[in-house]
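Visitor: Show me how the following folds:
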Amino acid sequence: MAATSLFSVIPKNFFNYLSSGSNSEIYSACLLEIYHEYDREISYRLPRERIRDTVRAWLLENHVDLQEDEKSSDKTIEASRILRNFMDPDVAWLEEENDENTYEKQIVMTENGVRLSEFLLQLMKPETAEFSSYIFNIYNIFQNPGQWEEEPYVNALRPIYQNAKSLSGALKRLSTYIRKIIEKMVQEETLESLTENLLQYCNGEFIHEYARLNKQQNIHIYRRRILDGLSEFKYNDDIFAGLAENCRKEDRIGREEAEDQIYYMIDSAKRFLSDDYDAILREIRHKLNVYLQVAVGRARFLKNRDGDSKGNVERVIRMIADEAKTVGMKEDLPDSCRGLFSLELNEFIDRGSLRYPRKQRAIRTAVSEELITLSPEDRERAARELERERFNPYSKDLMQLYLEQQMEGRREIDSTELPLDTVSDLISILSSAAYARELGYDIEAQDGFYETEHLILREFTIRKGDSV
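Guide: Residues are numbered from 1 along each chain as shown. Sure, this is the predicted structure:
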């Protein structure tokens with residue numbers, strides 16, 4: 001069968017008004033206004049005057065003028081011109097018909113016009129995919145064989161294949177989106193902006209969608225039943241014969257071609273659910289680890305880079321480089337992130353890099369200042385203010401106290417035992433993990449994730465070292 005060309009099924013000027021320069025935004029907005037006008041109706045067929053008035057109202061409300069040779073101040077004329085353009089046979093977003101009873105002109109939105117409008121809306125505001133629903137839909141098909149036994153291809157295999165394909169695409173988009181977040185991390189300029197980025201990650205919808213695919217949600221139990229059902233489709237002669245016959249009639253193809261198509265759909269769904277599914281989830285899990293590692297390291301770097309404490313910046317960079325080797329994230333990071341791990345070597349000294357001490361200027365005139373004596377209350381108030389400004393609720397000493405309180409004399413504690421009810425709890429866990437090795441503790445990362453109060457973290461275990 002010869003491949004169908006796109007431009008053999010749509011008019012030759014179908015996309016022209018979306019690329020018409022100055023008017024493209026106006027035409028696309030008018031098309032969507034017309035599309036929304038049909039939302040409250042039972043069909044895509046409305047009187048011409050109503051559609052024209054809808055376009056006219058939008059032009060008046062937005063103070064829009066068409067950038068054309070024959071401009072008109074009358075918005076009714078401009079709205080009618082737009083409708084004529086959309087009804088042009090070489091565009092065919094709309095069609096005009098006459099009502100047989102009232103002889104009133106009707107505007108019909110073509111099937112291609114509806115699909116184009118839905119495509120534009122999807123580009124402007126993509127719908128959020130619910131990953132687990134794809135698995136549950138496939139599972140429910142196998143649980144109710146009585147609903148598809150008469151037409152197994154139409155009511156069973158085809159929706160199973162479509163759901164598996166949709167889940168594959170949604171997970172790939174999620175993986176790509178996480179990579180963009182990691183790329184954004186290296187552009188953060190302040191600790192405040194980095195914190196906002198981290199909180200957005202914790203509250204983000206995609207992290208909860210991923211959590212529903214975790215083993216704790218028993219997705220793997222459903223997946224085993226699905227794979228067994230697909231194997232039965234392939235190796236049960238009666239079911240396979242019914243699938244091939246139903247496919248032959250539905251798609252109007254030969255018996256041999258129908259069997260090849262059935263094999264392809266079954267094998268594709270099985271390959272994704274048994275192998276590709278796990279590979280994509282491992283990649284997503286790895287990128288989540290990378291994100292948290294870079295976030296913690298970047299936070300410490302931003303906090304210490306302006307400080308005067310000797311060795312802080314070098315120690316943070318060394319920590320990030322060591323973590324990169326541990327989780328193997330340097331190989332998977334995009335090129336824009338690799339500069340985070342590049343250490344410049346200064347192998348020469350020139351005159352421009354030397355700083356000469358300034359000569360102290362001699363005091364030539366006497367200067368006197370009036371001394372102000374602070375009262376005991378003023379001194380106490382100033383001391384309290386300095387202490388308040390200096391207080392850091394997530395300092396190393398406080399994090400050591402935090403770990404001791406949580407462990408309650410034990411030698412180790414699992415991250416799932418730590419409180420995770422508020423954002424402050426999240427930052428305490430991250431800070432304690434960041435300081436753990438300096439405080440003499442050992443951290444061992446686990447495979448799973450856990451979620452509490454819309455937050456998700458990688459599972460890990462903290463153990464006391466010999467020096468603690």
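
Visitor: buried stuff in stretch 403-418?
Guide: With burial defined by 16 or more other C-beta atoms under 10 Å, the residues of stretch 403-418 counted as buried are 403, 406-407, 413, 415, 418. The way it works is simple: take the backbone N, C-alpha and C, and place the C-beta from them, glycine included.

Visitor: again with stretch 47-67
Guide: So stretch 47-67, judged by 16+ other C-beta under 10 Å, has buried residues 48, 51-52, 54-56, 58-59, 64, 66.

Visitor: And the furthest pair within the residues you listed?
Guide: R48 and V64 (20.6 Å; C-beta to C-beta).

Visitor: Break down the protein into its strands, ranges please.
Guide: For the chain, applying DSSP state E gives strands covering 45-47, 94-98, 105-109, 412-414, 441-452, 455-464.

Visitor: Is it possible to get JSON lines of those that adds distance to P11 and mean pLDDT?
Guide: Below are the strands of the chain laid out as JSON lines (distance: least, C-beta to C-beta, whole Å; pLDDT from 0 to 100):
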{"stretch": "strand 45-47", "distance to P11": "20", "mean pLDDT": "87"}
{"stretch": "strand 94-98", "distance to P11": "12", "mean pLDDT": "89"}
{"stretch": "strand 105-109", "distance to P11": "15", "mean pLDDT": "90"}
{"stretch": "strand 412-414", "distance to P11": "63", "mean pLDDT": "84"}
{"stretch": "strand 441-452", "distance to P11": "50", "mean pLDDT": "76"}
{"stretch": "strand 455-464", "distance to P11": "49", "mean pLDDT": "77"}
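
Visitor: Let's have these in CSV, adding distance to I138.
Guide: As requested, the strands of the chain are exported to CSV (distance: least, C-beta to C-beta, whole Å):
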stretch, distance to I138
strand 45-47, 37
strand 94-98, 39
strand 105-109, 33
strand 412-414, 34
strand 441-452, 24
strand 455-464, 25
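
Visitor: nearest to L6, of the buried residues of stretch 403-418?
Guide: Of those, the one sitting nearest to L6 (C-beta to C-beta) turns out to be S415, at 51.9 Å.

Visitor: pretty sure that closest one contacts A445?
Guide: No. S415 lies out of contact with A445 (C-beta atoms under 8 Å); the separation is 9.4 Å.

Visitor: So for these two, which residues contact both of them?
Guide: With contacts defined as C-beta atoms under 8 Å, 6 or more residues apart in numbering, the residues shared by S415 and A445 are 458-460.

Visitor: circling back: so which of the strands of the chain gets nearest Q261?
Guide: Of all the strands of the chain, strand 105-109 comes closest under C-beta to C-beta, at 33.2 Å.

Visitor: ok, and for the closest one, which residues are buried?
Guide: 106-109.

Visitor: Switch these over to JSON lines; also include distance to D275.
Guide: Listed next are the buried residues of strand 105-109 as JSON lines, based on distance: C-beta to C-beta, whole Å:
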{"residue": "Q106", "distance to D275": "53"}
{"residue": "I107", "distance to D275": "50"}
{"residue": "V108", "distance to D275": "47"}
{"residue": "M109", "distance to D275": "43"}
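
Visitor: So which of the buried residues of stretch 47-67 sit within helices?
Guide: In helices, judged by DSSP state H, the following of those are found: 48, 51-52, 54-56, 58-59.

Visitor: Among these, find me the one that's closest to T102.
Guide: R48 (11.8 Å).

Visitor: Now do the contacts for the closest one.
Guide: So R48 contacts 83, 96, 104-107 (C-beta under 8 Å, 6+ apart).

Visitor: Those into a markdown table, with extra columns for distance to E150?
Guide: Converted to a markdown table, those look like this (distance: C-beta to C-beta, whole Å):
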| residue | distance to E150 |
| --- | --- |
| L83 | 46 |
| E96 | 42 |
| E104 | 44 |
| K105 | 45 |
| Q106 | 39 |
| I107 | 40 |
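
Visitor: all helices for the stretch 151-300 of the chain, in order.
Guide: Here the stretch 151-300 of the chain has its helices, by DSSP state H, counting those that start in this stretch, at 152, 158-185, 191-203, 205-211, 219-235, 237-251, 255-271, 277-304.

Visitor: How about stretch 386-402, which residues are buried there?
Guide: Under 16+ other C-beta under 10 Å, the buried positions of stretch 386-402 are 394, 398-400, 402.

Visitor: and which of the residues you listed is nearest to Y27?
Guide: Of those, the one sitting nearest to Y27 (C-beta to C-beta) turns out to be Y394, at 54.1 Å.

Visitor: Relative to D421, how far out is the spatially closest residue to D414 that is not a sequence neighbour?
Guide: Nearest residue to D414, sequence neighbours excluded (C-beta to C-beta, 6 or more residues apart in numbering): T461, at 5.4 Å. Distance of T461 to D421, computed by C-beta to C-beta, to the nearest Å: 21 Å.

Visitor: These two: who's more crowded?
Guide: Neighbour totals were compared for T461 and D421, and T461 leads with 15 against 10 (other C-beta atoms under 10 Å).

Visitor: now the more buried one, which residues is it bridged with?
Guide: Note on T461: beta-bridge partners D414, E444, judged by DSSP bridges.

Visitor: Tell me how far P145 lies from Y161.
Guide: Separation of P145 from Y161 (C-beta to C-beta): 17 Å.

Visitor: Would you mind telling me which of the two has more residues around it?
Guide: A direct count of neighbours by other C-beta under 10 Å for P145 and Y161 places Y161 higher, at 21 against 12.

Visitor: Quick check, pLDDT for the residue nearest to F136 when sequence neighbours are not counted.
Guide: Using C-beta to C-beta, 6+ apart and skipping the chain neighbours, the partner closest in space to F136 is Y222 (7.0 Å). Looking at Y222, its pLDDT is 79.

Visitor: State the distance from Y222 to L273.
Guide: Distance from Y222 to L273, by C-beta to C-beta: 10 Å.

Visitor: now swap in S431 and tell me
Guide: 40 Å.

Visitor: Isn't P159 up against N140?
Guide: No. The criterion here is C-beta under 8 Å, and P159 misses it with N140 at 10.0 Å.

Visitor: Comparing these two, which shows the higher neighbour count?
Guide: Shown here are P159 and N140; by other C-beta under 10 Å, P159 has more neighbours (15 against 11).

Visitor: who are the neighbours in contact with that one?
Guide: So P159 contacts 137-138, 141 (C-beta under 8 Å, 6+ apart).

Visitor: try it again with 10 Å
Guide: 137-138, 141, 148, 153 (C-beta atoms under 10 Å, 6 or more residues apart in numbering).

Visitor: ditto for A244
Guide: The neighbours of A244, taking C-beta under 10 Å, 6+ apart as the test, are 152-153, 255-263.

Visitor: Would you show me how to pick out the buried ones of those residues in ChimeraX?
Guide: Here is the ChimeraX command that picks out the buried ones among the contacts of A244, judged by 16+ other C-beta under 10 Å:
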select :152,153,258,259,261,262
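
Visitor: Tell me the one among the contacts of A244 nearest to I239.
Guide: For the contacts of A244, the nearest to I239 is P152 (6.5 Å; C-beta to C-beta).
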